[in-house]
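> I'd like to go over a predicted model; first the sequence, then the structure.
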Amino acid sequence: MLLKEERELITEYGRKMSRENLVKGTGGNISIFSRKDNLMVISPGSKAYDTIAAEDVMVTDLEGKVIEGRCKPSSEFRMHAIFYAKRKDINSVVHTHSINATALSCLRINLPPIYYLTIAAGPEVRCAPYALMGTSELAQAAFETMQNDYAVLLANHGVLTAADNLDFAYYLAEQVEYAAELYIKSRIVGQPVNLKEHEINDMVTIFDTLRYGKKQ
């Protein structure tokens, strides 16, 4: 089986994503890019995560041409491929519909730097303009809004995180969702206090020193 290890990881994290309620039903998608092979491994579209086997996970090129797999690739393959084509520091993308982050995307507001563990993603997680699912317009909006960061909200849709590896991309999806919940709940009581610039820089240094999300 082509890229067997990567396809097994997609099934593992897809089940985890569903189990942890970061998606509903068949929503969301996950991918890994093999730079050695110049191929993308991506979850299949419209298939429940607890039924996906490694053989169902699709191997495509960055244009979406199917190389191997017995299903269809996610309709959002363009939103994954654009990051692999244009950013050499990204080798995995996680797209979720987690409730709190998606709520912010429906308000079309940015998630400010209120929580220290989202600094690796942002520090601010910006919200991209609305675009129709599965389109090149959505892919471009996500890419342009994320800029040099590692997370972006998708207006009225969800959230996308990215990293050098799947483990850290998924970690960022968890942390962005948690920070979004903190932001929404703290706004009920008052106005959350953003981290100051020097506090953000301190966290950036810590993440770089520990090499969070980077290959050792």
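Good, I have the coordinates.

> neighbours of residue 46, just the number please.
Residue 46 has 11 neighbours, counted by other CB atoms under 10 Å. Every residue, glycine included, has its C-beta placed from N, CA and C.

> so is residue 121 in a helix, a strand, or just coil?
coil (DSSP: H, G, I helix; E, B strand; the rest coil).

> just give the nearest non-adjacent residue to it, would you?
In this structure, residue 121 finds its nearest non-sequential neighbour in residue 151, 3.7 Å apart by CB to CB, 6 or more residues apart in numbering.

> please identify the helix or strand for residue 16.
Taking DSSP states H and E as the criterion, residue 16 maps to helix 4-19.

> which secondary structure elements does that helix contact?
Where contact means 3 or more CB pairs under 8 Å, 6 or more residues apart in numbering; DSSP states H and E, helix 4-19 is packed against strand 29-34, strand 39-42, strand 92-96, helix 166-189.

> one more time with 10 Å
If contacts are counted by 3 or more CB pairs under 10 Å, 6 or more residues apart in numbering; DSSP states H and E, helix 4-19 sits against strand 29-34, strand 39-42, strand 58-60, strand 92-96, helix 166-189.

> can you give me phi and psi for the spatially most central residue of the chain?
What sits nearest the mean C-alpha location of the chain, by CA atoms, centre = their mean, is residue 161, with 2.5 Å. With angles defined as degrees, to the nearest 10, residue 161 sits at phi -130, psi 160.

> residues near the closest residue to it other than its chain neighbours, how many?
Excluding its sequence neighbours, the residue lying closest to residue 161 (CB to CB, 6+ apart) is residue 172, at 3.9 Å. Using other CB under 10 Å, residue 172 has 26 other residues around it.

> report pLDDT for residue 172.
According to the prediction, residue 172 has pLDDT 97.

> how far away is it from residue 183?
16 Å (CB to CB, to the nearest Å).

> could you do residue 35 as well?
35 Å.

> for the two, indicate the residue with more neighbours.
The neighbour comparison of residue 35 against residue 183 (other CB under 10 Å) goes to residue 183, with 22 against 9.

> was I right about the more buried one contacting residue 115?
Yes: at 7.8 Å, residue 183 counts as touching residue 115 under the criterion of CB atoms under 10 Å.

> anything in contact with each of those two?
Residues touching both residue 183 and residue 115 (CB atoms under 10 Å, 6 or more residues apart in numbering) are residue 192.
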